[in-house]
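**Q** Fold the following.
(chains A and B)
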There are 2 protein chains.
Amino acid sequence: MSSLYLHDIPLDEAKAAWYAELAACGAFGLMPKETVPLAQALGRITAGPVWAKISSPHYHASAMDGYAVRSGDTHGASEAAPKHLSLSSQAIYVDTGDPLPAGMNAVIMRENIQLIAGGEEELATAIEIIQAVAPWQHVRAMGEDMVASEMVLTALHRIRPQDLGALAGSGHGVVEVLRQPRVAIIPTGTELVTAGSAVKPGDIIEYNSLVLGGFAEQCGAIVSRYPIQPDRYDEIKHMTEAALAAHDLVIINAGSSAGSEDFTSRVIGELGKVCVHGVAIRPGHPVILGTGAGKALVGLPGYPVSAAVTFDLFCKPLLRRWQGEISWGEGALVADSIEATLTRKVLSPMGDDEFLRVSLGRVGERVVATPIGSGAGVITSMVKADGVLHIPRFKEGFHAGETVRVNATTPKALIDRTILAIGSHDLTIDLLANQLKIENLKWKMENDITQINFQFSIFNSPFPRLVSAHVGSQSGLLALQRGEAHLAGSHLLDEDGGDDTEPSYNLGSIAKLLTPFGVRVQVLGFVKRVQGLMVCRGNPKAILGLDDLTRNGVTFVNRQRGAGTRMLLDDALKKRGIHPRHIAGYERQEYTHLSVAAAVASGACDCGLGILAAARALDLDFVPLFNERYDLIIPIAHYESDLLQPLLRITRSPAFAEQVQSLGGYDTAQMGQVLATV
Amino acid sequence: MSSLYLHDIPLDEAKAAWYAELAACGAFGLMPKETVPLAQALGRITAGPVWAKISSPHYHASAMDGYAVRSGDTHGASEAAPKHLSLSSQAIYVDTGDPLPAGMNAVIMRENIQLIAGGEEELATAIEIIQAVAPWQHVRAMGEDMVASEMVLTALHRIRPQDLGALAGSGHGVVEVLRQPRVAIIPTGTELVTAGSAVKPGDIIEYNSLVLGGFAEQCGAIVSRYPIQPDRYDEIKHMTEAALAAHDLVIINAGSSAGSEDFTSRVIGELGKVCVHGVAIRPGHPVILGTGAGKALVGLPGYPVSAAVTFDLFCKPLLRRWQGEISWGEGALVADSIEATLTRKVLSPMGDDEFLRVSLGRVGERVVATPIGSGAGVITSMVKADGVLHIPRFKEGFHAGETVRVNATTPKALIDRTILAIGSHDLTIDLLANQLKIENLKWKMENDITQINFQFSIFNSPFPRLVSAHVGSQSGLLALQRGEAHLAGSHLLDEDGGDDTEPSYNLGSIAKLLTPFGVRVQVLGFVKRVQGLMVCRGNPKAILGLDDLTRNGVTFVNRQRGAGTRMLLDDALKKRGIHPRHIAGYERQEYTHLSVAAAVASGACDCGLGILAAARALDLDFVPLFNERYDLIIPIAHYESDLLQPLLRITRSPAFAEQVQSLGGYDTAQMGQVLATV
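**A** Coordinates of the predicted model:
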């Protein structure tokens, strides 16, 4: 009998020693990437951000069964003066989902028309309508759900069922994910018998491989459970060697102590390196942490609770680390009912039970719930949802500011760790969200060694997630006024401020919308960007400036009221003395740069005002007109909160500035600088 | 073009109509049972309660590498006066896990002995010891973890990794679980193309089958995604018919509206029955709920959000119902940090990080954490754990009553819905726990029809879970005194109360332990049970009463101080004038009836005092001695709380009383009656 005793070292030292060796072997980073078909992607972790390859819808689609028409042809129709539209030239039947015929821009539901000339449908030559319709009525415009080049999922996102829909809808048939870790479990011991066997005294029923295998599977691993291996040194060694060739983590269980038949330490030593033998933890002392053939190789103790606890302490963090770790905890099966303040009024038809998707975040003491896209075709509303608000039958809706109960699918801890950005949209806000996720991972990886608070570390990370809503600059400032967001992206040109070479931004609107309400803010420089006219490839209508918008045959698409781009346009038109009514399409509003770009790309109009990045994303030509500042407006209380520090650090990081510059059309000289405190 | 419009009916009516039809088809109950090997049982739902087939350990096992000895042989050994035990007759080497040789009852760790006679181990003839050892030192007694016949898992329990260990350890190689529901999804539509295809205007990328399939998998179903089926009536019908033959739920998506190519309603009508066509919900109006070939057959709308919401509202509850429903939400991957009051002092060796499993429950305003079995071999400590308490290195432990943070794996909502029972153990307490689970399911099934609060209903159930800790009657009352439990099972004979034919119970102890502390309680009658001596099959030593305990060659096993059975014994011994020191084994203590029975069954002793049910469970003979009352002591505040009402109702249910009687040895005449208010 050997009288070797284990030398127990503290948990943090044990982890540090093992992790250092794993890092030296190249077995401490993310799993390699692999490409899988969507049908096999549920629960997998994205290897990088995923961008929409095509828009969704990828054409202007009828949202109803009915007749596609030109809105202009319907003007003047009323019950008193019905109008006839001749079939095929002025009205064409479309089913839901059909593309709008060229030139048509609205759909009239078939229950709202009468067929003219003939009891039999086939003989009808025209439809009769009794109401004019607005452009784009009952049309799902191209890009309504997703616009090509938009970020659909960030890196290191655990793919949920609704994410599969968003991936498919944006043109993906496959997705790049982290390969699943492969884990081998080798039960050793002459006294072991398989579960369900008849037993005699001294037999030990082997079930650690079931328990450890189950935990490993729950961590996303693919598990091989090896047959029971009696305590014969050569065979254990041979089996371990074979397992190392095909797995990322090999667990020998047990023989990890220093008894007469405890071979594990010797096996690991001969096949690789024993970094740690014995850790000062209870239960679990006799654990062996090592490497072999560039893989993780451990010996776990035989007592079942010791085996499970040491697996939790050493193997689980490694499995999670290999898979980007932070994904755990999202997309939980369990939901909880959470009280929240509704940011917008919602109306619901009487007589229907309505289920509205909302995003959730804590601002100060309140959890605020913001309704997201109500269209039934908008799969991204499910991707972005943190919960569902039920509006009962016979309830007309809820007021803005009302307290509601939301069935949350995002864990409370993550809701509390959410930065809500609202206001004008810029592609760089998506990049910021992705970067927070990446930094979170980096931080976790660095802190894993010193942290011993096992298993639950996702909730300890200082890195918040960033959730953004795109409502335009002015609505963003209004949200800050109401305390519904942590920051707002804004590019509102001041009416009288600054000179033409260095115009002033946002200060006027802040003075009007925030200061009187006691909201003091920092104006944080973010990007300067080029605004201009997006036109079709080759600029076939030779649009060179705003003056061309009034030309015959040139159609425009506008941004919504309150958008900075819209105010920029209106200001410029005023200065040039151009009246909006002379611009065809001035009334058609889109809510983001990308949707303006999508409208141009689809041929629905000739041009729209927007940023270079959006034009590039959809392969449009671009006529630069203005340089404008896009700032982040941050109430001082939030600016100074722990929550925002990681985001502020990123805005000051040269690496992030480089990422933004590589998009093209951005100047990052003022990024991260406080330009004003108001 | 048809001008048929859907007649939307309210959600609750729609559910009721469909559920009634499903019930009529026999498609509304639990899935049938099937038997699966443990390696395939992770995540599955138990079809019934699972009882231990063998004890664990199933023999007295050495807990250390060392020498098995008879405790008596070590008496008198000290550093000043070492003792020699001759090898093979007085001391036998055992490895951890080895069975104790016959007659031996303790193990001395090998580091605490010296080998005598010979530098070489092989030549040693004796060991030298310098300390006496108590009986059962370093021995894992048979049944320490689980005793044969104990309930290991209740019915309708979702099997977690640690549960696999408990099943295997208690003699199971397979387990009876509910069959997984099989779901077919048939995407229909001539305009549909598969994900990743090149698209032209009018093409719709089919991804609902991915999204719905993902959700169904997350609900535990096995999913068949059928290839896209163009809008051709006969083919859709044929494919649906084939799917019905092999699945429990068939989803046709979409064609559920009333358009020119919407065939779904007709297909369902011809293959079975359309119960509902059109529900007043948003999104999701055009949904078809039906049956066919005795299976559930639905048509879901084509818009992705509508499809997902209607799946959530109609299909998910059905899938959960088929699987016992209440299992969802347990064993979550996500853990949360919860503040709790520790009920017992815990000590931890300096220098070790210790991880202690605890059970959690809310009593009044506080969440209380009770440490459970610290032995590393006790897999049931992981089965019962609601969370893990970390005792950091260099911390000696925590005081009783100290506030600690626990990493909880049981969701908060379930912790809040926990009845904590503490005190004396009786098999009927396990039955109560199982019955609450069954009643929960029944309630859910009945209320499913009227409830429309979709998806999250697990948290709305009025049925709590029952968690019990077995510490003996007196310790149970002390726990009530400290506000750490909702009720205590107690059978403490009053010293002077009552007469011999109807002795009085518990009132004296309550007057001493609760009344002075302002705790007013109801004494709720539960069972009367027969206490007697458990002896080996055939009663080889002819033990007929307490007087036989003092006979030469008769060994006894006792219950711990504070246990009602112990007090019963001590009272009877006193009355008969028998002195404990004349009883061999009076000092050996076990904590439950079943472990006393296990000690007798293993041959470690000849008899012990306990209840008939425990003797029956381990196939022992039984010498009845007393009838005793086992009451539930319930503080009035808890007795009147909503939490306890379901449990109180069960104690008054004749069906439950019958279940208890069928165990044998129980009288339930007073079950559910308030016997006293103190």
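**Q** does the longest helix along chain A come close to chain B?
**A** Longest helix in chain A, counting residues (DSSP state H): helix A:427-447. No - under the criterion of Cβ under 8 Å from any Cβ of the partner chain, helix A:427-447 makes no contact with chain B; the nearest approach is 16.0 Å. From N, CA and C alone the C-beta is placed, and that goes for glycine too.
**Q** quick one: average confidence on that helix?
**A** Rounded to a whole number, the mean pLDDT of helix A:427-447 is 81.
**Q** Identify the residues contacting whichever helix or strand comes after it?
**A** On the C-terminal side of helix A:427-447, the closest following helix or strand by DSSP states H and E is strand A:465-470. Contacts of strand A:465-470 with the rest of the structure, by Cβ atoms under 8 Å, 6 or more residues apart in numbering or on different chains, involve A:359, A:361, A:370, A:372, A:384, A:386, A:414, A:417-425, A:429-430, A:432-433, A:436-437, A:485, A:489, A:591-592, A:647.
**Q** if you set the cut-off to 6 Å instead, what comes out?
**A** The list of residues contacting strand A:465-470 from outside it, by Cβ atoms under 6 Å, 6 or more residues apart in numbering or on different chains, reads A:359, A:361, A:370, A:418-422, A:425, A:429, A:432-433, A:436, A:592.
**Q** which residue sits closest to the residue nearest in space to the middle of chain A, ignoring its sequence neighbours?
**A** The structure's chain A has its C-alpha centroid closest to A:Leu153; by Cα atoms, centre = their mean the separation is 4.3 Å. Here the nearest residue to A:Leu153 in space, its sequence neighbours aside, is A:Val50; by Cβ to Cβ, 6 or more residues apart in numbering or on different chains that works out to 4.5 Å.
**Q** Can you tell me how far the one you found is from B:Glu217?
**A** When distance is defined by Cβ to Cβ, to the nearest Å, A:Val50 is 21 Å away from B:Glu217.
**Q** Comparing the two, which shows the higher neighbour count?
**A** Set side by side, A:Val50 and B:Glu217 show unequal neighbour counts under other Cβ atoms under 10 Å in any protein chain shown, the larger going to A:Val50 at 23 against 16.
**Q** so which of the contacts of strand A:465-470 comes closest to chain B?
**A** Among the contacts of strand A:465-470, A:Ser359 lies closest to chain B (Cβ to the nearest Cβ), at 15.0 Å.
**Q** Just confirm the closest one is within a helix.
**A** No - the secondary structure assignment for A:Ser359 gives strand rather than a helix, going by DSSP: H, G, I helix; E, B strand; the rest coil.
**Q** Show me the beta-bridge partners of it.
**A** Each beta-bridge partner of A:Ser359 is listed here: A:Thr370, as defined by DSSP bridges.
**Q** For the stretch 501-650 of chain A, which segments count as helices?
**A** A:507-513, A:564-576, A:593-601, A:612-617, A:636-639, A:645-651 (DSSP state H, counting those that start in this stretch).
**Q** count of residues packed around A:Ala245?
**A** By the other Cβ under 10 Å criterion, the neighbourhood of A:Ala245 contains 10 residues.
**Q** Which residue is the nearest non-sequential neighbour of it?
**A** For A:Ala245, ignoring the flanking residues on the chain, the nearest one in space by Cβ to Cβ, 6+ apart is A:Ala293 at 6.9 Å.
**Q** Give me the distance between the one you found and B:Met382.
**A** Relative to B:Met382, A:Ala293 is positioned 32 Å away (criterion: Cβ to Cβ).
**Q** Walk me through which strands the helix or strand harbouring A:Leu115 pairs with, and which way each runs.
**A** Using DSSP H and E, A:Leu115 sits within strand A:114-116. Listed by DSSP bridges, the sheet partners of strand A:114-116 and their directions read strand A:126-129 (antiparallel).
**Q** Can I get the partner strand in PDB, CA atoms only?
**A** Coordinates of the C-alpha atoms in strand A:126-129 are reproduced here as PDB (Å, rounded to 0.1, in the frame of the first residue of the first chain):
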ATOM      1  CA  ALA A 126     -63.900  46.100 -63.700                       C
ATOM      2  CA  ILE A 127     -64.200  46.600 -60.000                       C
ATOM      3  CA  GLU A 128     -66.300  49.300 -58.300                       C
ATOM      4  CA  ILE A 129     -64.800  51.000 -55.200                       C
END
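**Q** List the contacts of whatever helix or strand comes next after it.
**A** The first helix or strand that comes after strand A:126-129 along the chain, using DSSP H and E, is strand A:139-140. With contact meaning Cβ under 6 Å, 6+ apart, strand A:139-140 is reached by A:Pro57, A:His60, A:Ala61, A:Ala63, A:Val107, A:Gly377.
**Q** chain center to strand A:139-140: distance?
**A** For strand A:139-140, the distance between its averaged C-alpha position and the chain's averaged C-alpha position is 25 Å (Cα atoms, centre = their mean, to the nearest Å).
**Q** quick one: strands adjacent to it?
**A** On the basis of DSSP bridges, the sheet neighbours of strand A:139-140 come out as strand A:61-62 (antiparallel).
**Q** For chain B, tell me whether the host helix or strand of A:Ala17 is touching it.
**A** Using DSSP H and E, the secondary-structure element containing A:Ala17 is helix A:11-25. Yes - with Cβ under 6 Å from any Cβ of the partner chain as the threshold, helix A:11-25 lies in contact with chain B, specifically through A:Leu11.
**Q** Partner strands of the helix or strand following that helix, with direction?
**A** If you walk from helix A:11-25 toward the C-terminus, the next helix or strand you reach (DSSP H and E) is strand A:33-37. On the basis of DSSP bridges, the sheet neighbours of strand A:33-37 come out as strand A:174-178 (antiparallel).
**Q** I'd like the next helix or strand past the strand it pairs with.
**A** Per DSSP H and E, strand A:174-178 leads on to strand A:182-187 as the next helix or strand towards the C-terminus.
**Q** quick one: contacts of the helix or strand that that next one is followed by?
**A** Counting by DSSP H and E, the next helix or strand C-terminal to strand A:182-187 is strand A:192-194. Under the criterion Cβ under 6 Å, 6+ apart, residues A:Asp203, A:Ile204, A:Ile205, A:Glu206, A:Ile228 lie in contact with strand A:192-194.
**Q** quick one: which of the residues you listed has the most company?
**A** For the contacts of strand A:192-194, counting by other Cβ under 10 Å, the largest number of neighbours falls to A:Ile205: 25 neighbours.
**Q** Which helix or which strand is home to that residue?
**A** Secondary-structure element containing A:Ile205, defined by DSSP H and E: strand A:204-206.
**Q** for the record, mean pLDDT for that strand?
**A** Strand A:204-206 comes out with an average pLDDT of 94.
**Q** now that strand, how far from the centre of its chain.
**A** With Cα atoms, centre = their mean, you get 46 Å for strand A:204-206.
**Q** One more: stretch A:85-92?
**A** On Cα atoms, centre = their mean, the centre of stretch A:85-92 falls 43 Å from the chain's centre.
**Q** quick one: buried residues of that stretch?
**A** Residues of stretch A:85-92 classed as buried: A:Leu85, A:Leu87, A:Gln90, A:Ala91, A:Ile92 (neighbour count, 16 or more other Cβ atoms under 10 Å in any protein chain shown).
**Q** From those, which land in strands?
**A** Counting by DSSP state E, the members of these that fall within strands are A:Leu85, A:Ala91, A:Ile92.
**Q** contacting residues for the second one?
**A** Contacts were defined as Cβ under 6 Å, 6+ apart; by that measure A:Ala91 touches A:Tyr67, A:Val69, A:Leu85, A:Ile127.
**Q** Looking at these, which is nearest B:Leu30?
**A** For B:Leu30, the nearest member of these is A:Tyr67. The distance, counting by Cβ to Cβ, is 50.7 Å.
**Q** is it true that that closest one lies in a strand?
**A** Yes - with three-state DSSP as the criterion, A:Tyr67 is assigned to a strand.
**Q** pLDDT wise, what is it at?
**A** Per-residue pLDDT puts A:Tyr67 at 95.
**Q** Nearest spatial neighbour of it, chain-adjacent residues omitted?
**A** The spatially closest residue to A:Tyr67, leaving aside those adjacent along the chain, is A:Ala91, at 4.3 Å (Cβ to Cβ, 6+ apart).
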